[in-house]
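>>> what's the 3D shape of this:
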Amino acid sequence: MKLTVSRLEAYPADEPTGRAVGFVCECVNGRSFYVDTVVSFADAGTDDQALDKALQVLGDNINAQCTALEAKSALVGEDVSSRLSDDDVAVDDVVVDDDA
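Prediction:
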């Protein structure tokens, strides 16, 4: 898993009470997601402390989401239209009957 800090700023902007800390999580199979939390200034006085606190709060959720995403087939979400042979129906010609 690759975990990248994508947000670290005072929050809310008008009267900050903490830091918004966000991460982009990229799982081993390349799937990714975003997660964030707000860490109060009382719980973390520095950016580094806010980062550590956010990881404590979000860590289990991050691991669970990556586990779930890594369990999905690598084909989910892939464009497989190139696998159609010339004899198959063109993808653009497929009609979905909503009444069926």
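
>>> drop to CA atoms for contacts and neighbour counts, all remaining ones
Noted.

>>> how about low-confidence regions in the protein?
Scanning the chain for pLDDT under 70 picks out 86-100.

>>> could you give me the buried positions within whatever helix or strand Val38 lives in?
Assigned by DSSP states H and E, Val38 belongs to strand 32-40. Neighbour-count burial for strand 32-40, counted by 16 or more other C-alpha atoms under 10 Å, picks out Ser32, Asp36, Thr37, Val38, Val39, Ser40.

>>> so what's the first one closest to, chain neighbours aside?
What that stands for is Ser32. Glu26 (4.2 Å; C-alpha to C-alpha, 6 or more residues apart in numbering).

>>> the one you found contacts Val5, doesn't it?
No: using C-alpha atoms under 8 Å, Glu26 is not in contact with Val5; the gap is 11.5 Å.

>>> between the two, who's got more neighbours?
Glu26 (18 against 14; other C-alpha atoms under 10 Å).

>>> which residue is the nearest non-sequential neighbour of Asp36?
Counting by C-alpha to C-alpha, 6+ apart, the residue nearest Asp36 is Gly22, at 3.9 Å.

>>> so for the protein, the centremost residue is which one?
Relative to the mean C-alpha position of the chain, the nearest C-alpha, by C-alpha atoms, centre = their mean, is the one of Phe33, at 0.7 Å.

>>> could you pull out the strands for the chain?
With DSSP state E as the criterion, the chain has strands at 2-11, 18-26, 32-40.

>>> please produce TSV containing those strands, extended by distance to Asp47.
Formatted as TSV, the strands of the chain follow (distance: least, C-alpha to C-alpha, whole Å):
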stretch	distance to Asp47
strand 2-11	8
strand 18-26	8
strand 32-40	10
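
>>> hang on, the earlier thing: strand partners of the strand holding Val38, parallel vs antiparallel please.
Take DSSP bridges as the rule and strand 32-40 pairs in its sheet with strand 18-26 (antiparallel).

>>> measure how far the strand it pairs with is from the centre of its chain, please.
Relative to its parent chain, strand 18-26 has a centroid offset of 10 Å by C-alpha atoms, centre = their mean, to the nearest Å.
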